[in-house]
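Asker: I would like to see how this sequence folds:
(chains A and B)
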Amino acid sequence: MKFRAKIIDVGCLNHFTRVVNTVSRLTKACVLRLTCDHLYFVLSGRVATGGVSMWCELSQVNFFDEFQLEGVSADANEIFLEVAPENFSRALKTAQNAKSVKIKLTKKTCPCLTLAAELPSLSSVSRVVTHDIPVDVIPRRLWHDFREPQMPDFDVSIYLPPLKTMKSVVDRMKNLSNYLVLEANLNGEMNLKIETDLVSVTTHFKELGNPPWGDDGSQSSSPTHRDPDLMAEARVDIKKLQQFLMGQQVNPSKAMCNIVHRRILHLIFLHEDVSLQYFIPAVE
Amino acid sequence: MPLSTQSQADNDQYILIASLDNARNLSNILKAISFREHAIFNATQNGLKVTVEDSKCLQANAFIQAEIFQEYIIKEDAVGFQVNLTVLLDCLTIFGGSTVPGVCTALRMCYSGYGYPLTLFLEEGGVVTVCRIKTQEPEEPIDFDFCSTNVTNKVILQSESLKEAFSELDMTSEVLQITMSPSHPYFRLSTFGNSGNAHYDYPKDSDMMELFQCTKIQTNRYKMSLLKPSTKALALSCKVSVRTDSRGFLSLQYLVRNDDGQICFVEYYCCPDEEVEEE
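Answerer: Numbering: from 1, shown residues only, chains lettered A, B, ... in the order given. Sure thing, here's the model as predicted:
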C-alpha cells in the first residue's frame, strides 16, 4: 500500500483546508477513502453517532499537483483509513502559507499520514514542518460499511433557503426545543417548526425552487403524480441540524435537501469540486 | 407588508394588537429587564408596561408608549398576562440578533385574551415566522409605594458618567452603597470588596450632573446581585435619575432612545439591604 500526494497551489491548499475543517466540525472520527480519482471523508450512520451519516467527496485532480496511489491489491486499488479529522485540521493550520504540502502514508510506531509543509523562509534553505497524523488502516473485509450511500427514494427534493437565515432560525429554535420538524413540498415551500408545552414556532419559506431530478428512477413517484402542495416531513434532533449548518465555512454553490417522509433528512451541499452529503435520521 | 394582510376575522378575535416595523424597538428594551424568566405584561390605552421582579426586593419596569407602535389596538381598558421572557426574546430575535443596517424584522403581536397564547408574526426579507407563546395569569406586581412626595434626594445624571463606574463595579462586594448629600461627597457610589473599598464621586457641579436636589444626607446599601442587572438598562440609556425616599428605597429611571430616536423609559425599584444600620 502506498500513497503520496502534493499540493503546491495556495488556493488549492486553502480550499482543501476548508473542507477538512468542515468535516472536523461534523465528526470526531471518520474514514478517509482514497482512490485514484477521489478522496472521500465518510461517516457511516451508527447508533453511537445518533445515526447521522456523512459523505464528502473531492475530485483529487482539483486539489493535488501530484497524486500516487497503490491500493490494497490490483483489483482493489483503494485505501481506507480511519482518522480524526481534527488532527488533520491542526496539521493543515501550520501549513497555511506553505510553498508545498506533501502527504504520505507512512509507518511510524503506527500507520500515519505524514504531512510535510515546506514553509517560506528568508534563507535559501526552506523550513519544513512535519506532522504525523495517526491512522488506522481498515481491512478490506470491512469496506462494505463505507459504501457510497444510495440516493434515497425521496418524497420531496427542494433547494434550501439562504443559509444565513436558516442558521439564525435554527439557532434560536435550539434554545426553545430539542427537536425540529422540517417539511417541504414540490411547490418550493419549506417550513421549519418546533413545538413544546411553552411555545410553538413555525418559519415559512416560499419560492425556494425544487431541483429538477430527471427520470433516473430515483424518485418514488414522478413530480407530476405527487400533489405539489403535499408536505413531506422529517422530525430531527436540532443539534444535528445546527451542527451541520454551523460547520459550513463557505457558502455552497448549491444547497438542497431531500426528504423521505418521516424517515430521513438528506442534505446536499455542492461546491465547485466538493460535494458534501449529510443524512439525519428522523425521530418520532 | 405581508403581516397586515390578515383577514378581518383574524383581527376581530384579538383584544390587543401591537405592530412595529422594527422588532428591535421592543426586544432591545426588554433585554434591559430580562434578568428573570417571567415577565408581567400590562397593556392599556397608553401603551405597554412590562414588569420583572426578583425576590420581592427588586422590580424593573419597561414602558413602551402606544405612539412607539406603528399600530396599537386595544379593546379593553387593561389587558394583562404573564409570559416567559426568555422565550419571548428568542422569538423576537428569531432572524438573528445582529444589526445589519437597512434590514429589519417587522413584528405584529396579538393577544386574544385569557387562556390564549401570545401570538407573534415576524417577517424579514419575505420570510414569515409565527410564534405562539403560552401565557399565564398575571401576578400582581408589587407596589413599592414609591411616590414623589416622599422623595428625599434626587439626581439626574448623563448615563455616560455612570456607565464606566457600573462596568467596573467590584463584584466581590455584597452591596452597592449609595450616598446622597447636600454637601460633599454629594453623590457617591461605594463598594466593599476583597481588594478593598472603592468610591465613585459625582460632584454636584459636574458637567454630567443635570439635576441635583438633595435635602438631607442619606446612605443606603443595596444588594449588588439585585442591582447588577440594571447595568443593561444603563447601557441603553442616555440619562438616568436616581431617587431615594425616606425609607431608603431606591428608584432608578432610565431614558432610553430606540433605533428610531423615540423615547422609552425603564425603571428599577430596589429595597435597601436590611442588615445595615441607617446613618
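
Asker: Apart from its chain neighbours, what residue comes closest to residue A:200?
Answerer: residue B:132 (4.9 Å; CB to CB, 6 or more residues apart in numbering or on different chains). Yep, even glycine has a C-beta here, placed from its N, CA and C like the rest.

Asker: so which helix or strand takes in that neighbour?
Answerer: strand B:127-133 (DSSP states H and E).

Asker: Could I get the pLDDT score of the closest residue to chain A within chain B?
Answerer: Distances between chain B and chain A by CB to the nearest CB are smallest at residue B:96, namely 3.4 Å. Looking at residue B:96, its pLDDT stands at 87.

Asker: correct me, but it touches residue A:168?
Answerer: Yes. Here residue B:96 reaches residue A:168: they are 3.4 Å apart, a contact under CB atoms under 8 Å.

Asker: if you count what's nearby, which of the two comes out ahead?
Answerer: Remark: of residue B:96 and residue A:168, residue A:168 carries more neighbours, 20 against 17, as counted by other CB atoms under 10 Å in any protein chain shown.

Asker: Make sure the more buried one is actually in contact with residue B:95.
Answerer: Yes. Residue A:168 is in contact with residue B:95 according to CB under 8 Å; the separation is 5.4 Å.

Asker: returning to that earlier point: give the burial count for the residue nearest to residue A:200, as a bare number.
Answerer: Counted with other CB under 10 Å, the neighbours of residue B:132 add up to 18.

Asker: any idea how far it is from residue B:110?
Answerer: As for residue B:132, its distance to residue B:110 is 10 Å (criterion: CB to CB, to the nearest Å).

Asker: what is in contact with these two at once?
Answerer: B:118-120 (CB atoms under 8 Å, 6 or more residues apart in numbering or on different chains).

Asker: quick one: which of these sit in strands?
Answerer: B:118-120 (DSSP state E).

Asker: quick one: which of the residues you listed is most hemmed in?
Answerer: Result: residue B:118 is most packed of these (other CB under 10 Å), 23 neighbours.

Asker: Is residue B:53 in a helix, a strand, or coil?
Answerer: Secondary structure assignment for residue B:53 (DSSP: H, G, I helix; E, B strand; the rest coil): strand.

Asker: need the contact list for it.
Answerer: So residue B:53 contacts B:36, B:40, B:59-60, B:141-142 (CB under 8 Å, 6+ apart).

Asker: buried set for the longest helix anywhere in chain A?
Answerer: For chain A, the helix with the greatest residue count under DSSP state H is helix A:10-26. By neighbour count, with 16 or more other CB atoms under 10 Å in any protein chain shown as the criterion, the buried positions of helix A:10-26 are A:12-13, A:15-26.

Asker: just stretch A:242-257 next, same as before
Answerer: Neighbour-count burial for stretch A:242-257 [16+ other CB under 10 Å]: A:242-245, A:247-248, A:252, A:255-257.

Asker: quick check: mean pLDDT across it?
Answerer: 85.

Asker: Now do residue A:150, the pLDDT please.
Answerer: Reported pLDDT for residue A:150: 80.

Asker: try the one 10 residues further on
Answerer: At residue A:160 the predicted local confidence, pLDDT, stands at 96.

Asker: That one: neighbouring residues, count only.
Answerer: 21.

Asker: pretty sure it contacts residue A:256?
Answerer: Yes. Using CB under 8 Å, residue A:160 is in contact with residue A:256, at 6.0 Å.

Asker: which residues do the two both contact?
Answerer: With CB under 8 Å, 6+ apart, residue A:160 and residue A:256 have common neighbours residue A:267.

Asker: could you measure residue A:7 against residue A:101, distance?
Answerer: 5 Å.

Asker: try residue A:230
Answerer: For residue A:230 relative to residue A:101 (CB to CB), the value is 50 Å.

Asker: Could you check which of these two is surrounded by more residues?
Answerer: residue A:101 (26 against 13).

Asker: what's the spacing between that one and chain B?
Answerer: Distance, residue A:101 to chain B, using CB to the nearest CB, to the nearest Å: 36 Å.

Asker: by how many degrees do the helix or strand hosting that residue and helix A:10-26 diverge?
Answerer: Assigned by DSSP H and E, residue A:101 falls within strand A:100-107. If you take axes from the mean of the first three to the mean of the last three CA atoms, to 10 degrees, strand A:100-107 sits at 50 degrees to helix A:10-26.

Asker: List the buried residues for strand A:100-107?
Answerer: A:100-105.

Asker: Adjacent strands (with direction) for the helix or strand following it?
Answerer: With elements assigned by DSSP H and E, the helix or strand that comes after strand A:100-107 is strand A:111-119. Strand pairing for strand A:111-119, using DSSP bridges, gives strand A:100-107 (antiparallel), strand A:127-134 (antiparallel).
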